[in-house]
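1. Generate a structure from the sequence data that follows.
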Amino acid sequence: MLSSKLHLYRTARNPFSLFNCYCSSFFTTLINQLEQNHQSLHNITMTDLSDYKIIKEGEAEILMHAKNEVFYNKAQVNNRDISIAVLRAFISKRKEEHEALLSKRRKGAHKVPENNSSESVPEEEVPQKTPPEDHKSNGERKVEEEISPEEGKTFSTVEGLVKTTEEFNATEEQINPTGVKVKRELKPPRVLEALSASGLRALRYAREVEGIGQVVALDNDSASVEACRRNIKFNGSVAVSKVESHLADARVYMLTHPNEFDMVDLDPYGSPSVFLDSAVQSVVDGGMLMCTATDMAVLCGGNGEVCYSKYGSYPLRGKYCHEMALRILLASIESHANRYKRYIVPVLSVQMDFYVRVFVRIYTSASAMKNTPLKLSYVYQCTGCDSFHLQPIGRSISKNTSVRYLPGYGPVVPQECTDCGKKFNMGGPIWSAPIHDQEWVTSMLADVKSMKARYPAYDRISAVLTTISEELPDVPLFLSLHNLCATLKCTSPSAIMFRSAVINAGYRISGTHVNPLGLKSDAPMDVIWDIMRCWVKTHPVKAQTEDLPGSVILAKEPVLQANFTRAVASLSKAQAKKVARFLPNPERHWGPKLRAGRTITSKHVSLLGEAAVNGVLNREENDEPKSKKPKTDDNITS
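-> Residues are numbered from 1 along each chain as shown. Just a heads-up that it's a prediction; the model follows:
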C-alpha cells in the first residue's frame, strides 16, 4: 500500500502550479522520511521484547518495561472505557448538530426569495466551529521537525498533500440546487491527550472509535514519549496514521494551539488545576473537555486550604464529600472558562474508585456566561446533625424580554441550626446545577450495551451509567440514611420504608452513583427529621443527655405524620429488575499505583500486592552486575 502511494507521489506531475519550486527537493526529503518510518515499524526485535511485558486493553497493545519507568494504571480501565463511550456519543451528537444546522440554513434560504423575488439568494455559510484558516485544520498531521515552517504551511504529510491535490480543482464549498453555500462534510474531530504517558488511551481512541481524526499525545517526560512512540509503531498502520506523540509541556502546547481541538483529555497524576486555564482555550466552540482529578484527599476536605488554593472552593467533610468534589471541579472549570467569555455544559460527571471524572462541553457566549452565578452555590453544613442547606450566589429577574442579574438572597440559615441548635460550617462555592445530561446518559448506556464485547470494563461502566440514569438531576448533594440514624442513635429503617415515607409526603427521592447508601431528595431537612421522629416513636431509643444533637431533635414533636406504607416508586427500575448497580473491585489492591520513576520496595506491598513487589525485587536481584574479579583459590592463598 505504502509503496504504491510513493510511486504515485513520485510520478505525479505538477500537483499545483503554485508550488512547483518545492517539487524537486521537498518531495525527495519527505518520501525518504516516510520510507524510513515504514521500515522502523518492525524494528522491535524479539531481544527487545524480552525486556517488556505486553499489555492488551481493548484493541490496543502496549509494551511496558519491567521497571516502573512509565506510568500505567490497570485500575483506570474504567476511566478509559467510559471516555470511549462519551467520545462515541460526542461524535454522533456533533454530526447531528451539524446536520440540523445545515437543515436550518437551507430552510432559511428558501424563505428569502418568497419575501422578495427580485433579490438574489444570499450566500449563507455555515458558522465555523473549526479554527481559522491560518491554524491547522482538522485531520491534518504536523510535519516532522526537519521541514521548514514555510514548507509546513504548504504541506503536512504526503497523505495530506494528495488530499490537498485532489481538492485543489474542487471548489472550497459546494453549491446546492437552492443556490445556498453549504459547508462540506464535517471533518473528523481532533483529539488531544495532554498527559499521555504510555499512550494507551490515545491508541484506544484511534483504534476503537469510528470517525475519529488525528490524536495528539503529549508528555514532558522523554521516557514517556519514547514509550508512546514505540507503542504507536507496535500497534500497526492505523495507529501510525492517526496518533502522533510530542515531547512538550501540555500547558504551553495548549496555549499555542487555541480553538484547535474538538476534544481535550486531561488525566494527570494528581490535580488538574494547573492545566485548566490553557485547556479551556484549546477546545473549539462546542467541543468537549474530559478532566480527571485523583487528589481526593484534598477535594474531600482533608486539606481545605489546599483545595481552596487549587480550585477556589472550600470543601466540607460530609457524607456527600465525593459528590461535592465533583461539583468543586466543575465550578473550577467554569471559573477558568468565564475568563475567556466561555461557559460549560456538563454531559457526565462520575466518581468511581479513587478519582472523579467530568465530561463538559465548552461554548463561547458573553451573554450566556452571565448565568454562571445562578449555577453556583455555597453550602452550609451543621456541625451537630450534618443538615445542609444551599445558598445560590446569584439570581435573575425577567421583565418582558429583558433579564436582570442580581446577587442571591441570604442568609438562608440563621446563626444556629433550627433542628439541633449547633453552628454551621460554610463551604463552596460548588456547581449546584445538573451535573449530567440524561439524554446523553441514556444514549451512552444503550451504545455500551449494544457493543458489550468492545468494553473490557463493561460490567462496571454499565452499572455506573445505570445508576446515573436514575439520579434526580436537579438535586445537589445527598443524604445518608445511616448518618441520620447515627445522629439520633436509633435503629435504621429499610431504604424502601424511608423512600416510601418521602414519596408519600409528596417529594421525590432517588439513589446516587457515588454512595450505595446515599439518597437524593428535594424534601427539606425539617421534613426529613419529621420522618425520622415518627420512626423513633415506633422504635424507641435509649435515654441520652439533653445537649446532644439527637436529643434536641427528638425533643420536638413532628409536624408531618409520616406514612411508611410501601410506595410504588420506592424501588428504582434497576432495583426492580435486579440489575447490578454497585460492583465490588475485580481484584485485591485495586486502586492508584506508584508514580512513574519511583523505586518499588517492600513497603509497597499494601499498594501493589505481594506477588507484584516480589517479582520486581527478584528481577532486580538477577540484574545486579557480578563482581569484576571473582575470588579464586590462588587469590585466597596469596
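2. Can you pull out the low-pLDDT segments for this protein?
-> Segments of the chain classed as low confidence (criterion: pLDDT under 70) are 1-50, 66-71, 111-184, 589-638.
3. buried set for the host helix or strand of residue 224?
-> Assigned by DSSP states H and E, residue 224 belongs to helix 222-234. By 16 or more other C-beta atoms under 10 Å, the buried positions in helix 222-234 come out as 224-225, 227-234. Glycine gets a C-beta too; all of them are placed from N, C-alpha and C.
4. go on, stretch 297-313?
-> By neighbour count with 16+ other C-beta under 10 Å, stretch 297-313 contains the buried residues 298-301, 304, 307, 310-311, 313.
5. thinking again about what came up before, going by distance to residue 95, which of the buried residues of helix 222-234 wins?
-> The shortest distance between residue 95 and any of the buried residues of helix 222-234, using C-beta to C-beta, involves residue 232 and amounts to 27.1 Å.
6. got a list of what that closest one touches?
-> Applying C-beta atoms under 8 Å, 6 or more residues apart in numbering, one finds that residue 232 lies in contact with 199, 203, 239-240, 243-245.
7. Is it possible to mark the buried ones in these?
-> Of all these considered here, the ones buried according to neighbour count by 16+ other C-beta under 10 Å are 199, 203, 239-240, 243-245.
8. TSV please, covering these and showing secondary structure.
-> As requested, those are exported to TSV (DSSP: H, G, I helix; E, B strand; the rest coil):
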residue	secondary structure
199	coil
203	helix
239	helix
240	helix
243	strand
244	strand
245	strand
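9. quick check, nearest of these to residue 584?
-> Checking these against residue 584 with C-beta to C-beta, the nearest one is residue 203 at 28.9 Å.
10. Now do the contacts for the closest one.
-> Contact analysis of residue 203 by C-beta under 8 Å, 6+ apart lists 60, 62, 231-232, 235, 239, 243.
11. can you list the residues you listed in JSON lines and add distance to residue 551?
-> Conversion of the contacts of residue 203 to JSON lines gives the following (distance: C-beta to C-beta, whole Å):
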{"residue": "60", "distance to residue 551": "59"}
{"residue": "62", "distance to residue 551": "59"}
{"residue": "231", "distance to residue 551": "62"}
{"residue": "232", "distance to residue 551": "66"}
{"residue": "235", "distance to residue 551": "65"}
{"residue": "239", "distance to residue 551": "65"}
{"residue": "243", "distance to residue 551": "63"}
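12. Tell me which two in those residues are the farthest apart.
-> The largest separation in those, counting by C-beta to C-beta, is between 62 and 243 at 11.9 Å.
13. any common contacting residues for those two?
-> Listed as contacting both residue 62 and residue 243 by C-beta under 8 Å, 6+ apart are 199, 203.
14. so where does the residue positioned nearest the centre of the chain fall, helix or strand?
-> Within the chain, the residue whose C-alpha comes closest to the C-alpha centroid is residue 290; the distance, by C-alpha atoms, centre = their mean, is 3.0 Å. Taking DSSP H and E as the definition, one finds residue 290 inside strand 283-293.
15. and that strand, which residues are buried?
-> Along strand 283-293, these residues count as buried under the neighbour rule (16+ other C-beta under 10 Å): 283-284, 286-293.
16. and what of stretch 94-109?
-> Of the residues in stretch 94-109, those buried by neighbour count under the rule 16+ other C-beta under 10 Å are 94, 98, 102, 105, 109.
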